[in-house]
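Colleague: coordinates only, no sequence provided:
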Ligand SMILES: [Zn+2]
Ligand SMILES: [Zn+2]
């Protein structure tokens, strides 16, 4: 009796295994749980960030060198800014990770691309749009003169913040708070990724400061050119992070944003 039961159980088990293998329904389910397909960087546009046409969720990956992690207040400001301007019904998440120092005093654009290639772990797929920040323990290699670059947006979803420079120009008695300067440059660079100004998000009304590239001609606007250089440190008063002006917001709204 006992061994008969055992035999039945074994048979049943084999039957179930065989059944699972041959069942076409199970194969269909397997296909549905396959990894979503990667989307090439070159195919990502500001509209993909602003609208929910292709992507309804966004993941922002922040990599930082030890000692150069952004303040929580700054990443909170970034999340609030993105939630206010982007149409992402399935949400916006920020993930942070420490990486070892690439060991340079100054970083060129080529260096930043190499660091991204070696360390960025979140890539855009048909399911999730991603963006990337590197918080560097050094200055920008292309600095010239008295004004230093605080951040750069160098790809369709890639940005770097020269956090050492940010720290040099904030937190002191006569300087803006670290989180104020940090937030300003983080939001400014992300707004370039969103296509401002005239940077693949068309202008509703002309407001580009053409002498200074893809920037806004309103000196109170977040997209004023000085906002990504150390010149902004002297302009930041009362701890307020500059906001986008009406013309910049109109451009974002016309391209799928809010
Ligand atoms: Zn800029
Ligand atoms: Zn503006």
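Modeller: Cool, the structure landed. All of these numbers come straight from a predicted model, not from anything done at the bench. Ligands and ions are numbered 1, 2, ... in the order given.
Colleague: number of residues surrounding residue 238?
Modeller: By the other CB atoms under 10 Å criterion, the neighbourhood of residue 238 contains 6 residues. Using the backbone N, CA and C atoms, a C-beta is placed for each residue, glycine as well.
Colleague: any idea how far it lies from residue 162?
Modeller: From residue 238 over to residue 162 the distance is 24 Å, taken as CB to CB, to the nearest Å.
Colleague: report the secondary structure state of residue 164.
Modeller: With DSSP: H, G, I helix; E, B strand; the rest coil as the basis, the three-state label of residue 164 is helix.
Colleague: what confidence value was assigned to it?
Modeller: Confidence at residue 164, expressed as pLDDT, is 98.
Colleague: need the contact list for whichever residue of the stretch 1-150 of the chain sits closest to ligand 2.
Modeller: Nearest residue of the stretch 1-150 of the chain to ligand 2: residue 85, at 12.9 Å (CB to the ion). Shown here is residue 85, whose contacts under the criterion CB atoms under 8 Å, 6 or more residues apart in numbering are 50, 194, 244, 249, 252, 257, 258.
Colleague: and residue 189, its phi and psi?
Modeller: phi -70, psi -40 (degrees, to the nearest 10).
Colleague: is it true that it touches residue 228?
Modeller: Yes: at 6.8 Å, residue 189 counts as touching residue 228 under the criterion of CB atoms under 8 Å.
Colleague: any shared contact partners between those two?
Modeller: Each of 151, 152 lies in contact with both residue 189 and residue 228 under the rule CB under 8 Å, 6+ apart.
Colleague: restrict the contacts of residue 85 to those near ligand 2?
Modeller: The subset of the contacts of residue 85 lying close to ligand 2, counting by CB under 5 Å from the ion, is empty.
Colleague: give me the buried entries from those residues.
Modeller: Burial by neighbour count, 16 or more other CB atoms under 10 Å: within the contacts of residue 85 this picks out 50, 194, 244, 249, 252, 257.
Colleague: give me the helices and strands touching the strand or helix carrying residue 167, please.
Modeller: With the criterion set as DSSP states H and E, the secondary-structure element containing residue 167 is helix 163-168. Helix 163-168 is packed against strand 139-140, helix 178-193, with contacts defined by 3 or more CB pairs under 8 Å, 6 or more residues apart in numbering; DSSP states H and E.
Colleague: recalculate using a threshold of 7 Å.
Modeller: Using 3 or more CB pairs under 7 Å, 6 or more residues apart in numbering; DSSP states H and E, the elements in contact with helix 163-168 are helix 178-193.
Colleague: which SSE is immediately downstream of the helix it packs on?
Modeller: Scanning forward in sequence from helix 178-193, with DSSP H and E defining helices and strands, the next element found is helix 231-235.
Colleague: mind listing what's buried in whatever helix or strand comes next after that next one?
Modeller: Using DSSP H and E, the helix or strand that directly follows helix 231-235 along the chain is helix 246-254. When neighbours are counted by 16+ other CB under 10 Å, the buried residues of helix 246-254 are found to be 247, 248, 249, 250, 251, 252.
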